[in-house]
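Visitor: Quick one, fold the following:
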Amino acid sequence: MYSISNLFIFTMLLSSCGDVAAQMDQAFWGKSANDKTLVGPYVQNVTPTSAVVAWESEASDSVSLQVWNENFAQTVIANESKILPDGVFVHHAMISDLEPDTTYSYEVSSGSNSSKVFRFTTAPLRGQRKSFEFFAYSDCQKGPKIHDHIVNEVLINRADGRLLSERYAFGLVAGDIVQNGDEQQQYRSRFFNPIQNISSQVPYYVAIGNHENDSRTYFDYMNLPKNGTPGFEEHWYSFDYANTHIIGLDSNSRYQLAEQIEWLRADLESVCHDPEIEMVFSFFHHPHHSEIWPIGESEYSGKFVQEMEKFVKDCGKAGAYFFGHTHAYARGQSRDVPLYHVNVGSAGGELDKWGEYEHRDYPEFEISESEFGVVTVKVNVDEQVGFQSERLSVGDGPWLDQMKVSDMFAWTQEVQEVGNLEIESDGEHEFLASNLHSLPAEKIDVMDLSAHEIHWQAVDRNGLIVDESWQRRRNIFWNKDTVQSENYGRYSVADVDFQQVRMRVRNSNLHWSDWKTVERIRE
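Guide: From the prediction side, this is the model:
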C-alpha cells in the first residue's frame, strides 16, 4: 500500500510543470530568466545536406544562425518567423550546402543575445549501411518531470559522454506531446523544456496526437518534412536515413481519410524494390489493438498496419511500427511477416492500469506492461542489416525506479538458427514438437530462442486449412506469463476432418523455418 505522501509525490510528478524549465533562459542564452521561458534552439528535419534549427525570441528581426566546422562557415538568416499566441516569435532557419554524416557547431542570435554553442550531425548518404541508433516514446503530455527524467537520466546518461548528435540519429514521438494543444505554454513546459538538452543536438520528429487538438501552435513549432499529400503537409510525411525509410502518420479522426491511405500505399511502393532501402519504420498515435486500454483502439490505424504488412510481405523487407495513446508499453509481431508492433508509451501520461478496463489478450502481442519508459533501436549493428531494440523502463510509480531493460526484440537480414524440431504423433488428434533424438515437448528448452514460436496447421485432402494454432514461448498479460511451458509444442487438432498436420518454427529474430508435414494416423 502506498503512503499518502508517496501518492502526493506521484501526483506532483504527473501534473506539475515544476522547475524543469525554470532556468531555460540562463541555460541557453546566458542571461537571467525573465517572466517568459523561451524555447530553443532545437534541431529538426536533418538530411545529408541540410538541417533546420528553430528557436523562440521576443524580437521578430535581427535573428540569425552561425554554423561552422573546420572546413565550413555560414551565417543564415531565419527564413521563417511565426508569431505565437503570446506575442513571442518562433524562428526557423534552413541550413544548406552541408556534407553528409558530418558534425557542425552552431549558435543562434536574437538581437544582442547569442545562445551557447551546440552541435548537430547531418544524416549519412541514402542507402549507406551505417550503424546508428534512434529512440521512440509517446504521451509525455502530463508529466514533465517524468519526461525530463527519461530524457536526462536515461537517454543522455546512456550516451556515456559521447556527443549526443553522434550517439542518437533522431527521436520519434508518437503523439500527445502536450495535454492541451491550445495552451501555448504547455509546449514549453511539457515538451521543449524537458528535451532541451537533447533536442539542441538531435532532431525530433512527431506524429500528431489527439491532445495537440490540431492546433496552429503545434504546426508553428514543428518543421517536419513536407512531402505528404498536398494540403495535408506535416500531418503525414516520410524521410530516409541511411538504409531505412521512416513514415510519420496522422491517426486522428479528422484525418482518417482515403487520401492518407493512398499516399501511404504510394510511399511504400516507392521504396518497395529500392535496393538502398532495407528496413521501414512508421509511427502514429492511436493503436489498432491495445491489450490494456482497448477503448482507445482505432480501426483506421488497422489500415496502416495492413499496408505495412502487405509491404513487408511483397517487398521482402522488415520493420516496425510505433504507437502511443495507451499509456503503457506493449510489443508483439505479425505472424506471417517480420513486422513488430510496439506501444512506446508512456513518457509522462498517467498510466493505464490493469483492472481499470476490460482487457483483451490479442494473439499478436507477446508482452504488455503498465510502465513509464522509452524504446531505443540500434540499426545495422556491426554494419549488418537489421535492428536490435530495448525497452528502457523506469517503473510504474509512485516514484521512478532505476532504469532497467524490461524487453528486447530484434530482426536480422541474415537468417540465424531456427529450431530443428520434428513432429511426433501422440494419437489421432494429438501432435508434439520435439528435438531430434530426445523426448517430446518437455525437452524443448524454454530459453532456446531458436524456437520462439511454433505455428501448426491441419489441412484437408484438398490442401485447405481447417484448423491452426500459433504458439508462443511467453505471453505477458495482466502481470503474468499465461503460457504453460508443458503445453508449448503440443497441438490438439479440433474435431474436424483433416488429412495432414504441418508445423513451422520461428526464432526470436522473426525467421520461420520451412513447413514439416506428417500424415494423420487414423485409429
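
Visitor: so what are the domain limits for the chain?
Guide: 12-412, 421-519 (automatic domain parsing).

Visitor: can you tell me the average pLDDT over the last one?
Guide: Read it as domain 421-519. Across domain 421-519, pLDDT averages out at 87.

Visitor: Also the first one?
Guide: Domain 12-412 shows a mean pLDDT of 92 in the predicted model.

Visitor: so how far is that domain from its chain's centroid?
Guide: The chain centroid and the centroid of domain 12-412 are separated by 8 Å under CA atoms, centre = their mean, to the nearest Å.

Visitor: cool, the shortest one as well?
Guide: Averaged C-alpha coordinates place domain 421-519 at 31 Å from its chain's average position (CA atoms, centre = their mean).

Visitor: I'd like the distance between Arg474 and Pro338.
Guide: Here the criterion is CB to CB, to the nearest Å. By it, Arg474 lies 19 Å from Pro338. No exception for glycine: its C-beta is placed from N, CA and C like everyone else's.

Visitor: who's more crowded, these two?
Guide: Pro338 (23 against 14; other CB atoms under 10 Å).

Visitor: quick one: contacts for the nearest residue to Gln413 once chain neighbours are set aside?
Guide: With sequence-adjacent residues excluded and distances taken as CB to CB, 6 or more residues apart in numbering, Gln413 is closest to Val385, at 3.9 Å. Neighbour list for Val385: 129, 243, 278-279, 412-414 [criterion: CB atoms under 8 Å, 6 or more residues apart in numbering].

Visitor: Mind giving me the PyMOL command for buried ones among the residues you listed?
Guide: Here is the PyMOL command that selects only those of the contacts of Val385 that count as buried (16 or more other CB atoms under 10 Å):
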select buried, resi 243+278+279+412+413
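
Visitor: so which of the domains of the chain is the most packed in?
Guide: Sort the domains of the chain by mean neighbour count, taking mean count of other CB atoms under 10 Å, and domain 12-412 sits at the top with a mean of 20.

Visitor: follow-up on the earlier one: can I get the contacts of Val385 in TSV with distance to Gln402 and secondary structure?
Guide: Shown next, in TSV, are the contacts of Val385 (distance: CB to CB, whole Å; DSSP: H, G, I helix; E, B strand; the rest coil):
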residue	distance to Gln402	secondary structure
Arg129	35	coil
Asn243	35	coil
Glu278	36	coil
Met279	32	strand
Thr412	30	strand
Gln413	35	coil
Glu414	35	coil
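
Visitor: Among the contacts of Val385, which one sits closest to His286?
Guide: Met279 (23.3 Å; CB to CB).

Visitor: that older thread, show me which pair in the contacts of Val385 is furthest apart.
Guide: Checking the contacts of Val385 with CB to CB, the most distant pair is Asn243 and Glu414, at 14.6 Å.

Visitor: Which residue ranges of the chain form helices?
Guide: Along the chain, the stretches classed as helices by DSSP state H are 4-15, 24-29, 144-149, 164-167, 184-186, 193-199, 216-221, 258-272, 299-315.

Visitor: Would you reformat the ones you listed as TSV and include distance to Leu464?
Guide: TSV is the format used below for the helices of the chain (distance: least, CB to CB, whole Å):
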stretch	distance to Leu464
helix 4-15	53
helix 24-29	65
helix 144-149	52
helix 164-167	52
helix 184-186	56
helix 193-199	54
helix 216-221	51
helix 258-272	30
helix 299-315	21
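
Visitor: Nearest to Lys516, out of those?
Guide: Of the helices of the chain, nearest to Lys516 by CB to CB is helix 299-315, at 22.0 Å.

Visitor: Who are the packing partners of that closest one?
Guide: The contact analysis (3 or more CB pairs under 8 Å, 6 or more residues apart in numbering; DSSP states H and E) places helix 299-315 against helix 258-272, strand 279-283, strand 318-323, strand 339-344.
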